[in-house]
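Asks: Below are the sequence and a predicted model; questions follow.
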Amino acid sequence: MNDGSIVKLIIKDTAGQERFDSINERFYKDADCCLLVYDITNQASFEKIKNYYVKTIEENCKSYIKVILLGNKTDLEEKRKITLEEGIDLAFENNYMFMESSCSENYNVSDAFTALIEMTNHVHKTDNDIEAFSIKKVKTKKEKKFC
């Protein structure tokens, strides 16, 4: 991390594949954070998050889980089907952080993971006071913490 601390992540990526739906609930029960990624050029990927994953997280996760909603493929802006406002609205409605990224341009990829770690390790707000915000508003502490 920027403050010199070392963090170990255990990442379970189901890539939205339906064959993993039966085990996803077990993953969520122990998760401290979740990165929900949709393709900004694919309406179906956004709808699956909106109609399935939001409900699944609400029903199966700890009440204090930290979630980032991440719109990916910003390098394909000309093919965009999900507006920035739609992503922000969904994140705000569910008290998620919101970001957009591009893996091919390496834009906000590591920042998304850094934000998850910061949100998980440094709780600044209570469950009732969490709000959607951008990576620019994430505050970092200079003390060393390990998880």
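Replies: Nice, I can see it. Please read all numbers here as calculations on a predicted model, not as lab measurements. Numbering: from 1, shown residues only.
Asks: Okay, and Ile88 sits in which element?
Replies: Ile88 is part of helix 84-93 when elements are defined by DSSP states H and E.
Asks: Pairing partners for the helix or strand immediately after that helix in the chain, with directions?
Replies: Downstream of helix 84-93, the first helix or strand assigned by DSSP H and E is strand 97-100. With DSSP bridges as the test, strand 97-100 is paired with strand 66-72 (parallel).
Asks: buried stuff in the partner strand?
Replies: Lys66, Val67, Ile68, Leu69, Leu70, Gly71, Asn72 (16 or more other C-beta atoms under 10 Å). C-beta here means a position set from N, CA and C on the backbone, and glycine is covered the same way.
Asks: I'd like these as CSV, with pLDDT and distance to Ile40 appended.
Replies: Listed next are these as CSV, based on pLDDT from 0 to 100; distance: C-beta to C-beta, whole Å:
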residue, pLDDT, distance to Ile40
Lys66, 91, 22
Val67, 92, 18
Ile68, 95, 15
Leu69, 96, 11
Leu70, 97, 10
Gly71, 97, 5
Asn72, 97, 7
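Asks: Let me see the contact set for Cys61.
Replies: Tyr28, Lys29, Ala31, Cys34 (C-beta atoms under 8 Å, 6 or more residues apart in numbering).
Asks: now do Tyr96
Replies: Leu36, Val67, Ile68, Leu69, Leu90, Ala132.
Asks: Leaving out sequence neighbours, find the closest residue to the residue nearest to the spatial centre of the chain.
Replies: Geometric centre of the chain, nearest residue: Ile68, 2.1 Å, by C-alpha atoms, centre = their mean. Excluding its sequence neighbours, the residue lying closest to Ile68 (C-beta to C-beta, 6 or more residues apart in numbering) is Met97, at 4.6 Å.
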